[in-house]
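Peer 1: Any chance you could fold what I've pasted below:
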Amino acid sequence: MKKYYLHNGVESSGPFSLTELEEKQITAATPVWFSGMPDWKTAGEIEELQTLLKVTPPPFKSNSPTPKSKEKSNKIMVLNKGRFYLFAFLTLLVIGSFTLNFINENRKQELEARNNKTERENRQFLLQEEEIKAQKEQLAEQQRLEKERIIKEKKEIITKRLAEIQIENTEKQNLFEATKNELVKANQFHFFRTEEEKNNEINIIQTKLKLLQDELESLDRERTQLNLELENIQLKH
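Peer 2: Okay, the predicted model is just below:
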């Protein structure tokens, strides 16, 4: 049984039997080849394939002449002018609407991005302000505690010094009274003592009294000054 090969102008296909060629719907112009042929022939040139050929009717020619120039002038790209312009208008309308929506969407996204950035910056600024405020409050509290500590130490020092002054004043007052008694005794008459010795003793005792009196006055001034300082501290705090 013969086997036939077909060619579509680019590549060949087959082999096919006569039954298979019926399904291919070949025409008279289809190139065909089978074993024993020196070269390709068209199907119309092979006798046994005549019954398989697909008959293609010729194009219909209308007897009524149609003015081509008028037909061409009323149509653009297979559409008449009215429909073409309507189609073009609708196409432009759709493209314009799409473009406008695209631009608006981009603007909306840009605005949202800017708003989000501004909001983040504002939140960051508020956090920084709160942190600075907390640091200032912490520093102020440390300064307050330090000031209270210094005032407390100063009050303790003043109170301690006032107590010392009280003790020193009592001791020196007692010593002053005792020295006054010595001066009284030195002014009395004693045997075996010359006038010069008496005067020297009196001068020594008087000098001692003067020193004690100066020390008592100095202690009194210091006590007065410390009491004023303590009073000012208590008034301020």
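Peer 1: just the strands in this protein please.
Peer 2: Using DSSP state E, the strands of the chain run over 4-7, 12-16, 31-34, 41-42, 75-76, 79-80.
Peer 1: can you tell me which of these the model trusts least?
Peer 2: With a mean of 54, strand 75-76 has the lowest mean pLDDT of those.
Peer 1: mind giving me the domain split of the protein?
Peer 2: Per automatic domain parsing, the structural domains of the chain span 4-54, 76-127, 144-236.
Peer 1: how about those, which one is nearest Gln135?
Peer 2: Nearest to Gln135, of all these, is domain 76-127, at 12.6 Å by C-beta to C-beta. The C-beta positions use only the backbone N, C-alpha and C, and glycine is treated the same way.
Peer 1: and the top helix by length along the chain, what's its mean pLDDT?
Peer 2: Longest helix in the chain, counting residues (DSSP state H): helix 81-187. Helix 81-187 comes out with an average pLDDT of 91.
Peer 1: Check which helices and strands that helix sits against.
Peer 2: Counting contacts by 3 or more C-beta pairs under 8 Å, 6 or more residues apart in numbering; DSSP states H and E, helix 81-187 is packed against strand 75-76, helix 195-236.
Peer 1: Any chance of those in a markdown table with mean neighbour count and distance to Leu92 as columns?
Peer 2: Putting the helices and strands packed on helix 81-187 into a markdown table (neighbours: other C-beta atoms under 10 Å; distance: least, C-beta to C-beta, whole Å) gives the following:
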| stretch | mean neighbour count | distance to Leu92 |
| --- | --- | --- |
| strand 75-76 | 14 | 15 |
| helix 195-236 | 13 | 86 |
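Peer 1: In TSV, list the ones you listed along with distance to Phe16.
Peer 2: Shown next, in TSV, are these (distance: least, C-beta to C-beta, whole Å):
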stretch	distance to Phe16
strand 75-76	44
helix 195-236	121
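Peer 1: on that earlier part again, can you give me the offset of the longest helix of the chain from its chain's centre?
Peer 2: Remark: helix 81-187 is offset 21 Å from the chain centroid, using C-alpha atoms, centre = their mean, to the nearest Å.
Peer 1: what's the angle from it to helix 195-236?
Peer 2: Interaxial angle, helix 81-187 versus helix 195-236 (axes from the mean of the first three to the mean of the last three C-alpha atoms, to 10 degrees): 160 degrees.
Peer 1: Any chance of TSV for the strands of the chain, columns distance to Leu100?
Peer 2: Formatted as TSV, these follow (distance: least, C-beta to C-beta, whole Å):
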stretch	distance to Leu100
strand 4-7	55
strand 12-16	54
strand 31-34	57
strand 41-42	60
strand 75-76	27
strand 79-80	27
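Peer 1: Spatially nearest residue to Asp220, not counting backbone neighbours?
Peer 2: Leaving aside its sequence neighbours, Asp220 sits nearest to Asn169 (C-beta to C-beta, 6 or more residues apart in numbering; 7.3 Å).
Peer 1: neighbours of that neighbour, just the number please.
Peer 2: Counted by other C-beta atoms under 10 Å, the residues lying close to Asn169 total 17.
Peer 1: wait, it sits on Leu216?
Peer 2: Yes - counting by C-beta atoms under 8 Å, Leu216 is a contact partner of Asn169 at 6.5 Å.
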